[in-house]
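Trainee: Below is the structure, and that's it, no one-letter string:
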């Protein structure tokens, strides 16, 4: 641009009240889903509406400034900071303060980690990385919802630079948008079944939704709107509303999402935006003052509602709060959102001294990130009064680090651990091989820590059945990456080559895999719903037909046990421990901040409940035993059940560190029982 030519400035964009109304619809869907998930099952698609709206508005603003040679990266990011930071800082600081009084040490440490990730706008990567078998339930994470904000901010970080480069290189802007939409959508479709967690959290597989809004902005919808007939505008709006309504009714969290399903909310939002403010639905419904007001506070409402609901759930000690409590939490969130918008967001966003406010906001966000890291590094500040009672049991409730591989097998046995497996031993001449999943790791922990006389070597994989021709998959597993059979192959090789091993113990959380669900708190958790056992390609071809999970469970165990028996080993099938469905810390001390009239859970189950849960499990174990007469069955229930009840603790000991894994005391108890079983 010539120095003599003054820069042109874009005309002030016409305010569209209907877009604020669409924001209101989006935030109401999300809030309703989180507060009443059994009623508004598809409400989470509100996040997809936000993505499309953001892509549409941001791309339109950037394009207009580029077309008039007035775009400034500094001004763009300064506006984003003044828009995003104020409410976010307030909500994170409030979570930090309330968590000080309400959260136990592990929860507070987790909050600190998530605060640091939120402050750095990498929450999606943090939750992606920690998602899995040992991850805490979503409703214990007050800042879980920041994953979507992180994806938006990552988009805002890269997209302006791409548009600027396209403008400088005279590339066709619409073609660039369409090409990137197709690429991102193709990645989404390709990976949604093989790696659903990555597909959900990755900006590469979600940015097509923001870019769909960018496509609309590049199509210059204003000129289309002027030329189009009123009928066409109304058809667009109605069709968009129909797509959104259908999506809310049909889409649930059990489906592979985003995948193809995300086309409904994305296309629905696109048609509504394309219809323009003159369409009847946009003008009469979305532009209604109530929806516009709710849309104006939609950002702070999105930020507030989830922490409020999470803390309400944590304070409702025995589970999900009743609907009046959740409704009150929603009302409180709306009030907090309005106060935040009126007294925090507006003054800092539109007030004077822009440069000073941007500097102060950035420094505050840095302090927030460092505070979160410090809390995480200091293990959740266990000395706080909120954690005082539970701290007395910290050694009991903390999992012993027997779930991670080390060099013990390499050092003592000369065998390097197979990648992705856990191999642990204290002896150069182990007498017992324990093989299986994380329950095998917990089962072996007392032996590895020297609190049992048994000489063992552990070979295990997280979430892995000890099978050869079959593979078990969870709803979040990457099928292409999971190779549980390598654990069993290494176990067979070890048993054949180490003459000291005379006993092989097969341990797994069996009911989870063949029933496809967990117990207690996990029954409503999608991470523990939908597990399957599938034949590997060669085995499937040999079998000639598909098997049920139960049939595959029996065949898988019979095949593996037979091979170990053929090596001359004594083989033990362990009937897994009872699952109590509640963390033992909740049976020790009431939560620091709780609603009144709370009764402390006892961590005791009626024996009939356990028997009912394990009925099919025991029937399958009997089938396995019938096919292998030499197989030993070790029943763990007597270790925790007496008479008509089962307990995860007694007057002197706690035996579990979470709702299904034993701790050191529990492991020692189980290994003592195993020794007695082998001595018969």
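Mentor: Done, it's in. Please read these numbers as outputs of a predicted model, since none were measured by experiment.
Trainee: Check the offset of the host helix or strand of residue 216 from the chain's centre.
Mentor: Here residue 216, judged by DSSP states H and E, is contained in helix 203-218. Distance of helix 203-218 from the chain centroid (Cα atoms, centre = their mean, to the nearest Å) equals 23 Å.
Trainee: what's it packed up against?
Mentor: helix 46-67, helix 146-168, helix 173-191, helix 196-201, helix 263-275 (3 or more Cβ pairs under 8 Å, 6 or more residues apart in numbering; DSSP states H and E). In this view, the C-beta of every residue, glycine as well, is placed from N, C-alpha and C.
Trainee: So what touches the shortest one?
Mentor: In this case it means helix 196-201. 124-125, 127-128, 131-132, 147, 151, 187-188, 191-192, 205-206, 256-259, 475-476, 478 (Cβ atoms under 8 Å, 6 or more residues apart in numbering).
Trainee: out of those, which are buried?
Mentor: 124-125, 127-128, 131, 147, 151, 187-188, 191-192, 205-206, 256-259, 475-476 (16 or more other Cβ atoms under 10 Å).
Trainee: quick revisit: so of the helices and strands packed on helix 203-218, which one's packed in deepest?
Mentor: Of all those, helix 263-275 has the most neighbours on average by mean count of other Cβ atoms under 10 Å, namely a mean of 25.
Trainee: the inter-axis angle of that one versus helix 46-67?
Mentor: 40 degrees (axes from the mean of the first three to the mean of the last three Cα atoms, to 10 degrees).
Trainee: what inclination does helix 263-275 have with respect to helix 173-191?
Mentor: Orientation check (the same axes, to 10 degrees): helix 263-275 against helix 173-191 gives 160 degrees.
Trainee: immediately after helix 263-275, which helix or strand?
Mentor: Criterion used, DSSP H and E; the element after helix 263-275 is helix 280-281.
Trainee: what's the angle between the helix or strand just after that next one and helix 46-67?
Mentor: Counting by DSSP H and E, the next helix or strand C-terminal to helix 280-281 is helix 289-296. Helix 289-296 runs at 80 degrees relative to helix 46-67, counting by the same axes, to 10 degrees.
Trainee: The helix or strand just after helix 289-296: how far from the chain's middle?
Mentor: Where DSSP H and E defines the elements, the next helix or strand beyond helix 289-296 is helix 298-315. What separates the centre of helix 298-315 from the centre of its chain is 17 Å, taken as Cα atoms, centre = their mean.
Trainee: How about stretch 186-200?
Mentor: Centroid separation for stretch 186-200 versus its chain: 15 Å, with Cα atoms, centre = their mean.
Trainee: Quick one: low-confidence residue ranges for the stretch 101-250 of the chain.
Mentor: 131-137, 220-228 (pLDDT under 70).
Trainee: how about 90 then?
Mentor: Where the stretch 101-250 of the chain drops to pLDDT under 90, the residues are 101-107, 129-140, 170, 193-197, 219-233.
Trainee: and residue 451, helix, strand or coil?
Mentor: Using DSSP: H, G, I helix; E, B strand; the rest coil, the structure places residue 451 in coil.
Trainee: Quick check: phi and psi on the residue nearest to it when sequence neighbours are not counted?
Mentor: By the measure of Cβ to Cβ, 6 or more residues apart in numbering, the closest residue to residue 451 outside its immediate chain neighbours is residue 668, 5.2 Å from it. Residue 668 adopts backbone torsions of phi -60, psi -40, taken as degrees, to the nearest 10.
Trainee: Confirm for me that residue 668 is in contact with residue 450.
Mentor: No - here residue 668 lies out of contact with residue 450, judged by Cβ atoms under 8 Å, at a distance of 10.5 Å.
Trainee: more crowded one of these two?
Mentor: residue 668 (20 against 8; other Cβ atoms under 10 Å).
Trainee: quick one: the more buried one from residue 662, how far?
Mentor: Distance, residue 668 to residue 662, using Cβ to Cβ, to the nearest Å: 9 Å.
Trainee: Near residue 94, how many other residues are there?
Mentor: Neighbours of residue 94 using other Cβ under 10 Å come to 18.
Trainee: swap that for residue 435, please
Mentor: By the criterion of other Cβ under 10 Å, residue 435 has 28 neighbours.
Trainee: ok, now residue 277?
Mentor: For residue 277, using other Cβ under 10 Å, the count is 18.
Trainee: How about residue 479?
Mentor: Residue 479 has 11 neighbours, counted by other Cβ under 10 Å.
Trainee: tell me the secondary structure for it?
Mentor: On the basis of three-state DSSP, residue 479 is classed as coil.
Trainee: and it, what does it touch?
Mentor: Contacts of residue 479 (Cβ under 8 Å, 6+ apart): 193-194, 473.
Trainee: most neighbours, which of the residues you listed?
Mentor: residue 473 leads the contacts of residue 479 on contacts (other Cβ under 10 Å) with 17 neighbours.
Trainee: which ones are touching that residue?
Mentor: 479, 482, 531-534.
Trainee: What's the ChimeraX syntax to select whichever of those residues are buried?
Mentor: Selection of buried members from the contacts of residue 473 for ChimeraX, criterion 16+ other Cβ under 10 Å:
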select :482,531,532,533,534
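Trainee: domains for the protein, by residue range?
Mentor: The chain breaks down into these structural domains: 17-387, 396-579+614-642+664-679 (assignment by automatic domain parsing).
Trainee: distance between the longest one and the chain's centre?
Mentor: The one in question is domain 17-387. Offset of domain 17-387 from its chain centre (Cα atoms, centre = their mean): 16 Å.
Trainee: Over to that domain now: how far is its first residue from its last?
Mentor: Using Cα to Cα, to the nearest Å, one end of domain 17-387 lies 48 Å from the other.
Trainee: swap in stretch 447-458?
Mentor: 10 Å.
Trainee: For it, buried residues please.
Mentor: Of all the residues in stretch 447-458, those buried under the rule 16+ other Cβ under 10 Å are 447-449, 452, 454-458.
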